[in-house]
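Novice: I would like to see how this sequence folds:
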Amino acid sequence: MPIVVQKYGGSSLADAESIKRVARRIAETRKAGNEVVVAVSAMGDSTDELLDLAQDVSPVPPPRELDMLMTAGERISMALVAMAIHDLGISARSFTGSQAGVITDEAHGRAKIIDVTPGRITEALGKGHVVIVAGFQGVSQTTKEITTLGRGGTDTTAVALAAALNAEVCEIYTDVDGVFTADPRIVPRARKLDRISAEEMLELAASGSKVLHLRSVEYARRYDIPIHVRSSFTPKEGTIVSDQPAPKGPEGEAVEAPIIAGVAHDLSEAKITVVGVPDTTGKAAQIFHAVAAAEINLDMIVQNVSATDTGLTDISFTLPKADGQRAMEALKAIEEQVGFTGLQYDDQIGKLSLVGAGMRSNPGVSATFFRALADADVNIEMISTSEIRISVITRSELLDEAVQAVHTAFGLDSQDGEAVVYAGTGR
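Specialist: Next up, the predicted model:
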């Protein structure tokens, strides 16, 4: 039988009734003639609640113990979902990430999957069980400690399981009907996409779109796993994420993809400016080596032209807010060595990104984008581009208005009414 991997997020498992609804959908998939493997998140906002509790107990909890705590929510979900499936007359077995063979590196809180050895899963499937796996977690190959994959990691668990099991599809169930041209919470008239390339989805996820975890899209693209994003609250068809050729239209011709896939926004970044850097060879390398040594990923980087009278320049870059303090400390440690004159930290910024593979062959996209922002009186502080993406940094309080302006300017507003967010707090 074909194997289908499904993932259910916290909003889909918020309470007992939600869990029973999810169990019925899993049972329907099993009765349709599929072997089913399910990755589950913690119920509702319980992951955030566990994190809040940990910080109330200890301002800086040890990473190992924090991972032990944070994996509890998924273990609760997996057992409850298995119980609900049993009550529908279908046998189910639940497994933790380590029992399911999810092998990671040793980085607590942000571990990466390096292998999946699904022996226990395939054995359970062979005996006719539905398999429920606790997402977001694994076990370190070297230390044998429990690890977590970072926020949104259950998406990555599901795709990794799909790749290891040669599944037909990985279905990601969430609280919206699919992938939209913008976050429906910000743009109510956002339009659902029937299909989007993995390349475009990768850029959207990297730019702040929360419907899919970035690493899950990377994993799916690497192993050519189609992802089907859909709502657990309705039977509507969702969005297919795949680089495979699109189906033919009614006349037997390929359906041309739209120029713009969507608009993403991100409020989770901060900006650091290194002021008065001597404009000599190797200074930028020293700065970014120090940041890299602190294990911090950077996003956008801008260096100003040096002033002719001083020979000094400023270098600005963006990074996750959670890493801001660590980055500042790493830079202060090399201040005398590099010879810069100061540091500025700004966590009141927002990033807006326009994504679309059609940018490669359609002139005028940049002109329309920047005109929309100018008309909305949105000032731009930084600009970054790729072949299929334009990103800008602006003030955080202007971000919602900027997203709406750009979305409308590119004709992305739906004519079918407002999008529905069925559950979830967006926390």
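Novice: strands along the stretch 151-300 of the chain, start to end?
Specialist: 169-174, 195-196, 227-231, 239-241, 262-266, 269-278 (DSSP state E, counting those that start in this stretch).
Novice: closest to Phe369 out of those?
Specialist: Proximity to Phe369 (CB to CB) singles out strand 262-266 among the strands of the stretch 151-300 of the chain, at 9.6 Å. To be clear about C-beta, it is placed using only N, CA and C from the backbone, and glycine gets the same treatment.
Novice: who does the closest one touch, helix- and strand-wise?
Specialist: Judged by 3 or more CB pairs under 8 Å, 6 or more residues apart in numbering; DSSP states H and E, strand 262-266 is in contact with helix 198-206, strand 349-355, helix 399-409.
Novice: so, low pLDDT: which residues of the stretch 251-400 of the chain?
Specialist: By pLDDT under 70, the low-scoring segments of the stretch 251-400 of the chain are 251-257.
Novice: on that earlier part again, in JSON lines: the helices and strands packed on strand 262-266, plus mean neighbour count and distance to Phe136.
Specialist: Formatted as JSON lines, those follow (neighbours: other CB atoms under 10 Å; distance: least, CB to CB, whole Å):
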{"stretch": "helix 198-206", "mean neighbour count": "24", "distance to Phe136": "17"}
{"stretch": "strand 349-355", "mean neighbour count": "25", "distance to Phe136": "25"}
{"stretch": "helix 399-409", "mean neighbour count": "21", "distance to Phe136": "28"}
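Novice: how about stretch 283-291 as PDB, C-alpha atoms only?
Specialist: C-alpha atoms of stretch 283-291 as PDB (Å, rounded to 0.1, in the frame of the first residue of the first chain):
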ATOM      1  CA  LYS A 283      38.100  44.200   8.800                       C
ATOM      2  CA  ALA A 284      34.800  42.800   7.600                       C
ATOM      3  CA  ALA A 285      36.200  39.300   7.800                       C
ATOM      4  CA  GLN A 286      37.100  39.800  11.400                       C
ATOM      5  CA  ILE A 287      33.600  41.100  12.200                       C
ATOM      6  CA  PHE A 288      31.700  38.300  10.500                       C
ATOM      7  CA  HIS A 289      34.100  35.600  11.900                       C
ATOM      8  CA  ALA A 290      33.300  36.800  15.400                       C
ATOM      9  CA  VAL A 291      29.600  36.500  14.700                       C
END
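Novice: which parts of it are buried?
Specialist: 283-284, 287, 290-291 (16 or more other CB atoms under 10 Å).
Novice: want to throw those into JSON lines with distance to Val81?
Specialist: Shown next, in JSON lines, are those (distance: CB to CB, whole Å):
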{"residue": "Lys283", "distance to Val81": "54"}
{"residue": "Ala284", "distance to Val81": "50"}
{"residue": "Ile287", "distance to Val81": "48"}
{"residue": "Ala290", "distance to Val81": "45"}
{"residue": "Val291", "distance to Val81": "41"}
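Novice: what is the nearest of these to Gly109?
Specialist: Using CB to CB, Val291 comes nearest to Gly109 of these, at 18.6 Å.
Novice: residue closest to the middle of this structure?
Specialist: His213 (2.4 Å; CA atoms, centre = their mean).
Novice: quick revisit: save the helices and strands packed on strand 262-266 as JSON lines, and put in distance to Arg222 too.
Specialist: JSON lines is the format used below for the helices and strands packed on strand 262-266 (distance: least, CB to CB, whole Å):
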{"stretch": "helix 198-206", "distance to Arg222": "9"}
{"stretch": "strand 349-355", "distance to Arg222": "20"}
{"stretch": "helix 399-409", "distance to Arg222": "30"}
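Novice: follow-up on the earlier one: tell me the contacts of the residue nearest to the centre of the chain?
Specialist: 151-156, 205 (CB atoms under 8 Å, 6 or more residues apart in numbering).
Novice: select only the buried ones of the residues you listed in PyMOL?
Specialist: Command for PyMOL that selects the buried part of the contacts of His213, burial taken from 16+ other CB under 10 Å:
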select buried, resi 152+153+154+155+156+205
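Novice: which of the contacts of His213 fall within helices?
Specialist: Under the assignment DSSP state H, the contacts of His213 contribute 153-156, 205 to helices.
Novice: identify the farthest-apart pair in these.
Specialist: Going by CB to CB, the pair spanning those furthest: Thr154 and Ala205, at 14.4 Å.
Novice: relative to Asp279, how far out is the residue of the chain most remote from its centre?
Specialist: Most distant residue from the mean C-alpha position of the chain: Asp309, 44.9 Å away (CA atoms, centre = their mean). Separation of Asp309 from Asp279 (CB to CB, to the nearest Å) stands at 12 Å.
Novice: do the same with Met43
Specialist: On the measure of CB to CB, Met43 and Asp279 end up 54 Å apart.
Novice: over to Ile296?
Specialist: Computed as CB to CB, the Ile296 to Asp279 distance reads 24 Å.
Novice: of those two, give the one with the bigger neighbour count.
Specialist: Neighbour tally, Ile296 and Asp279, criterion other CB atoms under 10 Å: the higher count belongs to Ile296, 19 against 16.
Novice: now the more buried one: closest residue in space, sequence neighbours ignored.
Specialist: Asp323 (4.5 Å; CB to CB, 6 or more residues apart in numbering).
Novice: what do you get for Ile85?
Specialist: Ala92 (4.1 Å).
Novice: the one you found bridge partners, please.
Specialist: Val130 (DSSP bridges).
Novice: does Ala124 belong to a helix or a strand, and which?
Specialist: helix 119-126 (DSSP states H and E).
Novice: roughly how far apart are the residue nearest to Gly311 when sequence neighbours are not counted and Val302?
Specialist: Of all residues not flanking Gly311 in the chain, Asp279 sits nearest, at 5.2 Å (CB to CB, 6+ apart). Going from Asp279 to Val302 by CB to CB gives 15 Å.
Novice: swap in Ser207?
Specialist: 17 Å.
Novice: same thing with Ser209?
Specialist: 23 Å.
Novice: between the two, tell me which one has more neighbours.
Specialist: Using other CB under 10 Å, the more surrounded residue of Ser209 and Val302 is Ser209, with 24 against 16.
Novice: so the more buried one makes contact with Val263?
Specialist: No: if you go by CB atoms under 8 Å, Ser209 and Val263 don't touch, sitting 9.1 Å apart.
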